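Colleague: please find the sequence and the predicted model below.
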Amino acid sequence: MAKSMALLRPRLAAALLALCACAMAAPAAGANVSITTCRSFCGNITVDYPFALHAGCGHAGFRDLLYCIDRTLMLHLPSGSYRVLDVDYAYRGLTLHDPAMSDCRAIDRSPGGRGNGFVVEPWRAPFLAPDPDNVFLLLGCRASSPLFQGFPDRHLPCRNVSGMGCGDYYGCPAWDDYGRRPSGAAYGSAVPPECCAVSWGAIRAVNVSRLQCEGYSSAYSLAPVRAEGAGGWAYGIRVAWALPEANRGFCGACRATGGVCGHDVESHGDLCLCGDWNSTSNCDSSADAAPSSAAAPGAAIAALLLALLASGLSSGSIANM
Ligand SMILES: *[C@@H]1O[C@H](CO)[C@@H](O)[C@H](O)[C@H]1NC(C)=O
Ligand SMILES: *[C@@H]1O[C@H](CO)[C@@H](O)[C@H](O)[C@H]1NC(C)=O
Ligand SMILES: *[C@@H]1O[C@H](CO)[C@@H](O)[C@H](O)[C@H]1NC(C)=O
Ligand SMILES: *[C@@H]1O[C@H](CO)[C@@H](O)[C@H](O)[C@H]1NC(C)=O
Ligand SMILES: *[C@@H]1O[C@H](CO)[C@@H](O)[C@H](O)[C@H]1NC(C)=O
């Protein structure tokens, strides 16, 4: 009994080693997953990592965010839907348009509040926020607005943002049509001012109705604002996005091995999509195969064999060879 076991062990170990070599050989060649697995177009806008239009593609921080509706790219947040005018991958910026916001040509206000404003889910906040150089101009806010409460040191949180503020905005032709051009003191002690300019950092949520405002405008500057005034600003919401530092290494390794970066739709962890299997690291490491959601026989068997081999090794069969 003991003798036959001793004979069997080296053979078993050799067989397992051979199987292991096979299992390692296939994925070690890397994957060759088509870039179009997750990249897509909506109208003339490219949607690519970290964004995606397919579940499981892109980074989890941007899941359930973009939708392509009639060749128009839309971004959905708790505060509403925005048209995406541009995705700037080099500078990590999105340019959004809210049709219900005021600009230099038209003031859009109603007592109940007009426009989406900008409110991000708390879990998404680390990944997506309006650019520090984006100014929100809150219009017709009531004296009881939270904007004007709780700022004992500075009477008002209103101020110029990147050279853009209410003083210049009051020069817009929109006020002629509105029929009442506010005079002066945008940042004085007059409460409530007709307009209050704030940066995202000052309030962290632009909920027009909660702030008891009648409407808002938003503008951003990509280059230093020249002296042309509010007529020369770009109107819209400029949003910056960020990814965790560790993601850069993960995604770089995934791509270098022929994979496409994505995420697990349930755990939301990073996944490298390697074709017929998924990896939690990259397409060269079959040891990191993610439990497959769909049937993936190849990857599952490879993982099983590796597990088997590992248990064989730890029971000491190698030492007996
Ligand atoms: C990847 O696949 C494409 C098409 O399936 C092929 O043209 C290309 O040569 C392949 N690249 C590698 C590195 O195998
Ligand atoms: C997309 O097309 C519109 C006009 O249809 C144009 O204004 C815009 O600049 C284009 N965007 C890109 C990213 O090419
Ligand atoms: C905005 O504020 C209103 C009133 O406080 C609230 O009912 C609503 O849920 C808020 N919207 C968002 C997107 O937070
Ligand atoms: C805001 O900008 C306007 C126009 O450039 C300028 O006249 C005003 O002094 C600025 N206000 C503050 C508080 O910096
Ligand atoms: C790999 O992950 C993607 C995205 O989560 C999923 O759609 C796909 O079904 C997974 N494939 C396997 C083989 O588990």
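Modeller: Perfect, thanks for sending it. Numbers count the residues shown, from 1 in each chain. Ligands and ions are numbered 1, 2, ... in the order given.
Colleague: for the protein, which residues are neighbours of ligand 2?
Modeller: By C-beta under 6 Å from any ligand atom, the part of the chain that sits against ligand 2 consists of 44-45, 86. The C-beta positions use only the backbone N, C-alpha and C, and glycine is treated the same way.
Colleague: for ligand 2, state which of these is nearest.
Modeller: Taking C-beta to the nearest ligand atom as the measure, ligand 2 lies nearest Asn44 of those, at 3.8 Å.
Colleague: look up how far ligand 3 lies from that closest one.
Modeller: In this structure, Asn44 and ligand 3 are 30 Å apart, going by C-beta to the nearest ligand atom, to the nearest Å.
Colleague: and that residue, its phi and psi?
Modeller: Main-chain torsions, Asn44, degrees, to the nearest 10: phi -100, psi 20.
Colleague: one step back: could I get the residues of the chain next to ligand 2 as a markdown table with neighbour count and distance to ligand 4?
Modeller: Conversion of the residues of the chain next to ligand 2 to a markdown table gives the following (neighbours: other C-beta atoms under 10 Å; distance: C-beta to the nearest ligand atom, whole Å):
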| residue | neighbour count | distance to ligand 4 |
| --- | --- | --- |
| Asn44 | 7 | 35 |
| Ile45 | 18 | 33 |
| Asp86 | 13 | 26 |
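Colleague: for the residues you listed, which one is nearest ligand 5?
Modeller: Of the residues of the chain next to ligand 2, the one sitting nearest to ligand 5 (C-beta to the nearest ligand atom) turns out to be Ile45, at 22.4 Å.
Colleague: all helices of the stretch 1-150 of the chain, in order?
Modeller: With DSSP state H, counting those that start in this stretch as the definition, the stretch 1-150 of the chain shows helices at residue ranges 2-28.
Colleague: in it, which residue sits nearest ligand 5?
Modeller: Closest contact between the stretch 1-150 of the chain and ligand 5, by C-beta to the nearest ligand atom, is at Gly56 (2.3 Å).
Colleague: for that residue, give me its contacts.
Modeller: For Gly56, the contacting residues are 262-265, 271, 273, taking C-beta atoms under 8 Å, 6 or more residues apart in numbering as the criterion.
Colleague: ok, it to Leu128 distance?
Modeller: Per C-beta to C-beta, to the nearest Å, Gly56 is found 19 Å from Leu128.
Colleague: same check, this time on Arg92
Modeller: Applying C-beta to C-beta, one obtains 10 Å for the distance of Arg92 from Leu128.
Colleague: what touches both of the two?
Modeller: Overlap of the contact sets of Arg92 and Leu128 (by C-beta under 8 Å, 6+ apart) consists of 240-242.
Colleague: pipe these into CSV and attach pLDDT, secondary structure and distance to Trp175 per row.
Modeller: As requested, the shared contacts of Arg92 and Leu128 are arranged in CSV below (pLDDT from 0 to 100; DSSP: H, G, I helix; E, B strand; the rest coil; distance: C-beta to C-beta, whole Å):
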residue, pLDDT, secondary structure, distance to Trp175
Ala240, 97, strand, 30
Trp241, 97, strand, 34
Ala242, 97, coil, 37
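Colleague: now, of those, which are buried?
Modeller: Burial by neighbour count, judged by 16 or more other C-beta atoms under 10 Å, picks out 240-241 from the shared contacts of Arg92 and Leu128.
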